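Novice: Requesting a structural model of the entry that follows:
(2 chains)
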There are 2 protein chains.
Amino acid sequence: MRKIIVQKFGGTSVADTDKIKNVARTVIKEKQNGNDVVVVVSAMGHTTDYLVKMAKDLSPNPSSREMDMLLSTGEGVSIALLAMAIQAAGYDAVSFNAMQIGIVTENVHSKARIIDIKTDKLKKNLQEGKIIVVAGFQGVTPDGEITTLGRGGSDTSAVALAAALNAERCDIYTDVEGVYTTDPRVVPNASRLREISYEEMLELAHAGANVLHPRSVETAKQFNVPLRVRSSFKTDNLGTLILGVDKMEIYKPVAGVAADLSQARIVVCDVPDTPGQAAMIFGKLAQEGISVDMIIQSYARKVSNTNDIAFTIDSSDLEKTKAALEELKDELKAGDIKIDENIAKVSIVGAGMIDRPGIASTMFETLAKLNVNIRMISTSEIKISCLVDKEDAKRAVAALHKEFQLESDEIAEVKGDLPNI
Amino acid sequence: MRKIIVQKFGGTSVADTDKIKNVARTVIKEKQNGNDVVVVVSAMGHTTDYLVKMAKDLSPNPSSREMDMLLSTGEGVSIALLAMAIQAAGYDAVSFNAMQIGIVTENVHSKARIIDIKTDKLKKNLQEGKIIVVAGFQGVTPDGEITTLGRGGSDTSAVALAAALNAERCDIYTDVEGVYTTDPRVVPNASRLREISYEEMLELAHAGANVLHPRSVETAKQFNVPLRVRSSFKTDNLGTLILGVDKMEIYKPVAGVAADLSQARIVVCDVPDTPGQAAMIFGKLAQEGISVDMIIQSYARKVSNTNDIAFTIDSSDLEKTKAALEELKDELKAGDIKIDENIAKVSIVGAGMIDRPGIASTMFETLAKLNVNIRMISTSEIKISCLVDKEDAKRAVAALHKEFQLESDEIAEVKGDLPNI
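Specialist: Below is the predicted model:
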């Protein structure tokens, strides 16, 4: 039984015909290794921007159904071109869009979830020795409507295909050489992780290290698909393998340090200490589609019988949040609302911290030594996050990276998009 | 029961977002007339050229299956954009590609023929009051392979949809204002025909008046779909209605005059007068995919017991034809092969000539008066074609146009692509 490898190449990797030829070489190399290969590709480079621009020219608010029809054509172009490039190099290849395969999603436009993938056509073509090129990012509803999967869509397509085909591995080719212990632009001797668990990767992703969209990691975790993040350009570098914690060889207590500078903190002051106040606030925010990250409620003040409720949101949701709280004002009977955008969330992540006490106190001591003021703290089983002033974020990350011995002997080479610090 | 009108807009009509808005206005106007509207569009302007260029960058000879995958994305873009433009103007619209509808073709790439069109989805959406935008030029095989229909494909899609939906009419919007009695660039007072029969249109099309691809006219004739050729820009002009000869109100003996300057004449001299010689020549040419137009065999010469066989082909097939005849040389035992590219085919077409003798002789006399030498003659029920020297073509067309009283009082306005004289 031959092994199946699913490969995924993003828009920058197929941005022009020369790059498509390069991708064809990488694909063929995997085929020459004796594996069956299914390749998932995104739309070429700036195709999506170009299509969106035309749509906006025609309509201030184009229907999401027609946007999905429009955007899905982008992958239609790249799959056909990649199949041609593979054929030109002497290998048998065939391209399929999501409708042809049956990548079935729920009936929601612009951010559908995959509910089923038909494998008959894929298996038949693999048995015939063909390399299969599949359109990422898109799906089809049981009624034949074209959908798209939203952010991180092509990664999710690749992982879901790997799960459906029971693939040996899903390789995500990208601009970066793998997952690093922290942003190499901040800490030049950040080291590339050889392995990381799904859980750690998820926490790092949520903490701001946007190498992979959390959704694709969640899908990989759910179906236990080993995921490799590797460079499109340096294919001899094996990148980082993301897998179940039970399959990891070794891990340090802390796998990585991340910073998220795109948050804003809201404090609703003097909220009456009566039941249902927090539910009212966060219920309203949920209703408006605003994701809340850290939440802290102070001890009730005995004298005034009020609380302060503080929470963080993504800065892009700030205006919506202000408006939502404004609407609640009368009902809530709270005091001032304070907003602080000069903040950053610094997190350490590691599956190893579960059974090792003292990791949190080491983090706090490290920040104290730097004179970095901690505004809020939140913890999960494998993550500790501290809210600090924005200007302190870089030194905090560097010091924590050093303290938890994450440095490499080499200086990481930085290319393309990296975590947003 | 509301009437269904199928409209078709070519690539130039949807070349940019402003033009797409213009098309949306034309579509909505038909809807406002109280009709159900199905719109067929081609890919935007130069999209196809751009896609073909990328394909050629990747492969000297890309597979036709992948070319169809690639080219079909072009209409995917234009249908979604047109649906958005219609929605932005306040009308309900929905776009479908061929796969979604089920425009079923035979399993041949790059020039498939439509074998069936499913109408369930179309009828359901029309009943819901929606304007339907359909991708032209493409189809899907029963196995879910994407095909394209080849030259004249979008016109054919539109006519086939009109037939399947039992539409009132199929309107082909184009650069020209209709079908003219002859090329208005040659004869400035050529008149636009209000009506023309399918048969006449087919003969005019074959004779070089390339307003509509013969294939779409043949399909319209087969299913008796009234076809209107009209201008995308001057929508108050009703253009030319193409319909069954039985439904025409009146017709002149000659409907139009056409010239085809892209032919070459071949004469195979001294072919032995034994059975099977013509079959050998034309069998070989058919095998090579070369279409032969006029064929003339002279009376056998008693003395040498040989014939001259003359025929015309499209100039673009000249090299292939020479090679094919070269291969036959030994077997054929004929004499010299003479080639003449300095020729033009001038034709008069009219359903009215069937029951009016003397039309042919009027044509020959008209040419004789001009001192135009006739090299070959061929006739069908509704067409008479004469091969003349290329430099005589324009005067011949003008004189015949005048002789058969086809002149208009107005000077035709000439825009865009017109017949190739």
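Novice: what about the nearest residue in space to A:N189 that is not next to it in sequence, how many neighbours?
Specialist: Excluding its sequence neighbours, the residue lying closest to A:N189 (C-beta to C-beta, 6 or more residues apart in numbering or on different chains) is A:E407, at 4.6 Å. C-betas here are computed from N, CA, C, even on glycine. For A:E407, the neighbour count with other C-beta atoms under 10 Å in any protein chain shown is 16.
Novice: so A:E407 bridges to which residues?
Specialist: Taking DSSP bridges as the rule, A:E407 bridges to A:A190.
Novice: Over to A:I295?
Specialist: Here A:I295 sits in beta bridges with A:F311, going by DSSP bridges.
Novice: How much space separates it from chain B?
Specialist: Distance, A:I295 to chain B, using C-beta to the nearest C-beta, to the nearest Å: 40 Å.
Novice: pretty sure that residue is in contact with A:I313, am I right?
Specialist: No: using C-beta atoms under 8 Å, A:I295 makes no contact with A:I313, being 10.3 Å away.
Novice: Of those two, which one has the most company?
Specialist: Applying other C-beta under 10 Å to A:I295 and A:I313 shows that A:I313 carries more neighbours, namely 21 against 14.
Novice: is it true that the more buried one touches A:D293?
Specialist: Yes: judged on C-beta under 8 Å, A:I313 makes contact with A:D293 at a distance of 6.7 Å.
Novice: burial of A:K123, as a residue count?
Specialist: Residue neighbour count, defined by other C-beta under 10 Å, stands at 15 for A:K123.
Novice: Setting aside sequence neighbours, what's the nearest residue to it?
Specialist: Using C-beta to C-beta, 6+ apart, the closest residue to A:K123 is A:L165 (7.6 Å).
Novice: ok, now how distant is the closest residue to chain B within the stretch 151-300 of chain A from A:E66?
Specialist: Residue nearest to chain B within the stretch 151-300 of chain A: A:S154 (16.6 Å; C-beta to the nearest C-beta). Noted for A:S154: a distance of 21 Å to A:E66, by C-beta to C-beta, to the nearest Å.
Novice: Report the residue ranges of every domain in chain A.
Specialist: A:4-174, A:247-421 (automatic domain parsing).
Novice: Just put those domains in CSV and tack on mean pLDDT and distance to B:I281.
Specialist: Output for the domains of chain A, formatted as CSV (pLDDT from 0 to 100; distance: least, C-beta to C-beta, whole Å):
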stretch, mean pLDDT, distance to B:I281
domain A:4-174, 96, 37
domain A:247-421, 84, 63
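Novice: about what we covered before: tell me the contacts of the residue nearest to A:K123?
Specialist: A:L165 makes contact with A:I4, A:V6, A:V38, A:T119, A:L122, A:K123, according to C-beta atoms under 8 Å, 6 or more residues apart in numbering or on different chains.
Novice: Show the buried residues in those.
Specialist: Among the contacts of A:L165, the ones that count as buried by 16 or more other C-beta atoms under 10 Å in any protein chain shown are A:I4, A:V6, A:V38, A:L122.
Novice: now, among those, which is nearest to B:D143?
Specialist: The shortest approach to B:D143 among these belongs to A:L122, at 14.4 Å (C-beta to C-beta).
Novice: what are the ranges of the strands in the stretch 301-421 of chain A?
Specialist: Ranges of strands within the stretch 301-421 of chain A are A:306-314, A:337-340, A:343-349, A:376-380, A:383-389, based on DSSP state E, counting those that start in this stretch.
Novice: quick one: which of those is nearest A:V27?
Specialist: strand A:343-349 (32.8 Å).
Novice: what's the angle from the closest one to strand A:376-380?
Specialist: Going by axes from the mean of the first three to the mean of the last three C-alpha atoms, to 10 degrees, strand A:343-349 is angled at 30 degrees with respect to strand A:376-380.
Novice: which helices and strands does strand A:343-349 pack with?
Specialist: For strand A:343-349, the elements it packs on are helix A:198-206, strand A:256-260, strand A:263-272, helix A:359-369, strand A:383-389, helix A:393-403, judged by 3 or more C-beta pairs under 8 Å, 6 or more residues apart in numbering or on different chains; DSSP states H and E.
Novice: What strands flank it, and is each parallel or antiparallel?
Specialist: Short version: by DSSP bridges, strand A:343-349 pairs with strand A:256-260 (antiparallel), strand A:383-389 (antiparallel).
Novice: before we move on, the earlier item: can you name the two of the contacts of A:L165 that sit furthest apart?
Specialist: A:V6 and A:K123 (13.4 Å).
Novice: For the domains of chain A, state which one has the densest average packing.
Specialist: Highest mean neighbour count of the domains of chain A: domain A:4-174, a mean of 21 (counted as mean count of other C-beta atoms under 10 Å in any protein chain shown).
Novice: List the buried residues in stretch A:191-199.
Specialist: For stretch A:191-199, the neighbour count (16+ other C-beta under 10 Å) marks A:S191, A:R192, A:L193, A:E195, A:I196, A:S197, A:Y198, A:E199 as buried.
Novice: Pipe these into a markdown table and attach distance to B:D389 per row.
Specialist: Output for the buried residues of stretch A:191-199, formatted as a markdown table (distance: C-beta to C-beta, whole Å):
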| residue | distance to B:D389 |
| --- | --- |
| A:S191 | 82 |
| A:R192 | 77 |
| A:L193 | 81 |
| A:E195 | 82 |
| A:I196 | 81 |
| A:S197 | 84 |
| A:Y198 | 80 |
| A:E199 | 85 |
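Novice: Format those residues as TSV; extra columns: distance to chain B and pLDDT.
Specialist: TSV is the format used below for the buried residues of stretch A:191-199 (distance: C-beta to the nearest C-beta, whole Å; pLDDT from 0 to 100):
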residue	distance to chain B	pLDDT
A:S191	38	87
A:R192	33	88
A:L193	36	89
A:E195	36	90
A:I196	36	92
A:S197	39	92
A:Y198	35	93
A:E199	39	90
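Novice: Beta-bridge partners for A:F96, please?
Specialist: As for beta bridges, A:F96 partners with A:V134 under DSSP bridges.
Novice: Pretty sure it sits against A:V134.
Specialist: Yes: if you go by C-beta under 8 Å, A:F96 and A:V134 touch, sitting 5.6 Å apart.
Novice: which one in chain A is furthest away from the centre?
Specialist: A:V303 (45.3 Å; C-alpha atoms, centre = their mean).
Novice: which residues touch that one?
Specialist: Contacts for A:V303 (C-beta under 8 Å, 6+ apart) come out as none.
Novice: ditto for A:D340
Specialist: Residues in contact with A:D340 (C-beta under 8 Å, 6+ apart) are A:A264, A:R265, A:V267.
Novice: residues from the stretch 101-250 of chain A in reach of chain B?
Specialist: Those residues of the stretch 101-250 of chain A that sit near chain B, judged by C-beta under 8 Å from any C-beta of the partner chain, are A:K121, A:G144, A:E145, A:I146.
Novice: Enumerate the positions of stretch A:177-190 that are buried.
Specialist: Neighbour counts over stretch A:177-190 (16+ other C-beta under 10 Å) mark A:E177, A:G178, A:V179, A:Y180, A:T181, A:T182, A:D183, A:P184, A:V186, A:V187, A:N189, A:A190 as buried.
Novice: tell me which of the residues of the stretch 101-250 of chain A next to chain B is nearest to chain B?
Specialist: Taking C-beta to the nearest C-beta as the measure, chain B lies nearest A:G144 of those, at 5.2 Å.
Novice: Could I get the phi/psi values of that closest one?
Specialist: Torsion angles at A:G144 (phi, psi; degrees, to the nearest 10) stand at phi 90, psi 20.
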